[in-house]
Structures are given as C-alpha cells and as structure tokens.
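Novice: any chance you could fold what I've pasted below:
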Amino acid sequence: MALTVDFDAEELWLAEDPANAARPGVLSQARYGVERAIPDILDMLSRLDVPATFFVCGGDAERHPHTVETIVARGHELGHHGFTHRSPHLMSRDEEADELGRGLDVLRRFVPRVRGYRSPSWETSPNTLDLLVEQGMDFTSQLMDATVPYRHPAHDIVELPVHWILDDAPHFWFDTSGWDRTIRSAREVAELWQEECDAVHDEGGLAVLTVHPQIIGRPGRLRMLERFLAARRADGGIWFARGAEIADRVRAAAPARPPAATS
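Specialist: Just a heads-up that it's a prediction; the model follows:
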C-alpha cells in the first residue's frame, strides 16, 4: 500500500482561475491545508509509523518552504506535482517541459533527487513520459489501467496505478460553482476504501491512496484516516512503502526490455 499526499495548496485554485488570487475566502482553503492539516497529518503518520509520498507543486514549495522542509525532515518522500497545477494536456510540448523543469529546480532545493511524478488531476499529454525520461524520473502515479505496478513498455519508467475510488476528492470535494454535490460522510468513504483495498490486497496488487491536506485534513475525516491506516498497519501482510521503494522492487522483479522494433 502507498499513501500519497497531493500538496497543491494555492496552485490548485490559481490554476482553476487566476482571479482567485484576489479571493481570500477561496485561498483560505489552501491556508488550512498548510497551517493545520499538514502538521496534523505528519503527527498521525509518526504515531502509526507509516511512510508517505508527498507530491508537491513547485509554486507551493516556493510559498511554503518550511512546510516542505518539515515533510522531508520527517522522513517522507518528495514527488513532483508540476510547477503550477495546470494540466499537461492543455500545454504545448515546450510549455510542459518548462513546467517540469521549473518544478524540479524548486524541489531539488529540498532533496538531491526527485524520483517520482504525478501530473495535476492525473492528466497527461502524448509528451509526458518522454519528458519525464529525459529528466531521469523513475516512476509516475497517474494512470488507471491496472491494480499492480508495472513498467511502461516504451519508456524506462514504473507506473504506480491510481483510481478515483481511492482518492478523497471525488467523495469530499465541494465548491460553490455547483451546489448539487453531496459531501459524503467519513464513515461511508472508509467503507468504500476498505472494500477496494481488501480486494486489491487479495489479488496481490498495490492500493494507492491519494489524499489532499485541505480535504482529508478536516478533524472528522482525519480521525477516519487514522483508524483506517491503523487497521491496515496491524495487518502483517500489507507493506506500506514510499513510491520510490515500490518502483525499485518492480525494477528488480521485471528488468527493462527494449521497445519492440518497428518496420
């Protein structure tokens, strides 16, 4: 099992609409994630002795360097989540390359090497994998085509598959652009996650849980997450690992094969 935390703070709302920069009420959600939720999440992970991979937008790392320093100091992995939270499929190749490079430049101020990448909103372009290989990235976590990690056939990069069912946003997300969305109870989401994780575990697969500080970090939801993780931590048959550790195991089990020749 991999616990992944998408730390996208202000960049999430600025990517939706640059005018949100002048809306303190909207951006207060990001402030909650930084000032309240991440410290609470880090304390919870320490209590449970669970490692996590934090995918961080470069722009947010620049705004909140102390928070990123604390994440690294607590032993968690730092992953790339774009410089802004703009979706790569909306960019040209050069724009996407610039986003990737700018984000890496920022994150390398905190760790010597960034090995993993998750695109904003799990959106990719035809150029994404080529650019990641050029930058020496080892793994991605953004596709929904499997329940086991695998090596991409034409790129030397490992995929840690995800799915919306194991993401907190589809269940809890709310904004005022539409008032018809129902916020699920933490109890209901815990049941959904348990059903899915149990089935993936029975198949010998990888369950990638994706959470966002400003969403999961509300007090009632964080209590649910701690209970959920504690129960799985007590199961001796589940391996909790950082993304790079999983990628290393996949590489050891499945050596790289050259892409098939084309005529």
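
Novice: going by C-alpha atoms from here, please, whenever you check contacts or count neighbours.
Specialist: OK.

Novice: and the strands in this structure?
Specialist: 2-7, 53-56, 77-80, 116-117, 139-140, 150-151, 158-159, 208-211 (DSSP state E).

Novice: need the helix or strand of this structure with the lowest average pLDDT.
Specialist: helix 9-16 (a mean of 80; mean pLDDT, DSSP states H and E).

Novice: in it, what's buried?
Specialist: 9, 10, 11, 12, 13, 14 (16 or more other CA atoms under 10 Å).

Novice: would you agree the fourth one is in contact with residue 85?
Specialist: Yes - the pair residue 12 / residue 85 is scored as a contact, 5.4 Å apart, by CA atoms under 8 Å.

Novice: count of neighbours near residue 95?
Specialist: 12 (other CA atoms under 10 Å).

Novice: which helix runs longest in this structure?
Specialist: helix 186-202 (DSSP state H).

Novice: next one: residue 240 relative to residue 49, how far apart?
Specialist: Applying CA to CA, to the nearest Å, the value for residue 240 to residue 49 is 9 Å.

Novice: ok, back up a step: could I get the average pLDDT for the longest helix of the chain?
Specialist: Helix 186-202 carries an average pLDDT of 97.

Novice: check contacts around residue 138.
Specialist: By CA atoms under 8 Å, 6 or more residues apart in numbering, the residues touching residue 138 are 115, 116, 156, 157, 158, 244, 247.

Novice: could you check how far the second one is from residue 20?
Specialist: To tie it back to what came earlier, the one meant is residue 116. In terms of CA to CA, residue 116 sits 29 Å off from residue 20.

Novice: and residue 240 and residue 49? Which one has more around it.
Specialist: residue 240 (20 against 12).

Novice: ok, and the closest non-adjacent residue to that one?
Specialist: residue 1 (4.9 Å; CA to CA, 6 or more residues apart in numbering).

Novice: tell me which of residue 116 and residue 20 has more neighbours.
Specialist: residue 116 (28 against 17).

Novice: the more buried one is in contact with residue 80, isn't it?
Specialist: Yes - between residue 116 and residue 80 there is a contact under CA under 8 Å: 6.1 Å.

Novice: now the common contact residues for the two.
Specialist: With the criterion set as CA under 8 Å, 6+ apart, the contacts of residue 116 and residue 80 do not overlap.

Novice: name the spans of the stretch 101-250 of the chain whose pLDDT lies under the cut-off.
Specialist: 175-180 (pLDDT under 70).

Novice: which residues of the stretch 151-263 of the chain fall in helices?
Specialist: For the stretch 151-263 of the chain, the helices defined by DSSP state H, counting those that start in this stretch occupy 169-172, 186-202, 213-216, 219-233, 243-253.

Novice: what residues does the least confident helix or strand of the chain touch?
Specialist: 20-21, 26-27, 29-31, 33-34, 57, 59-60, 84-86, 214.
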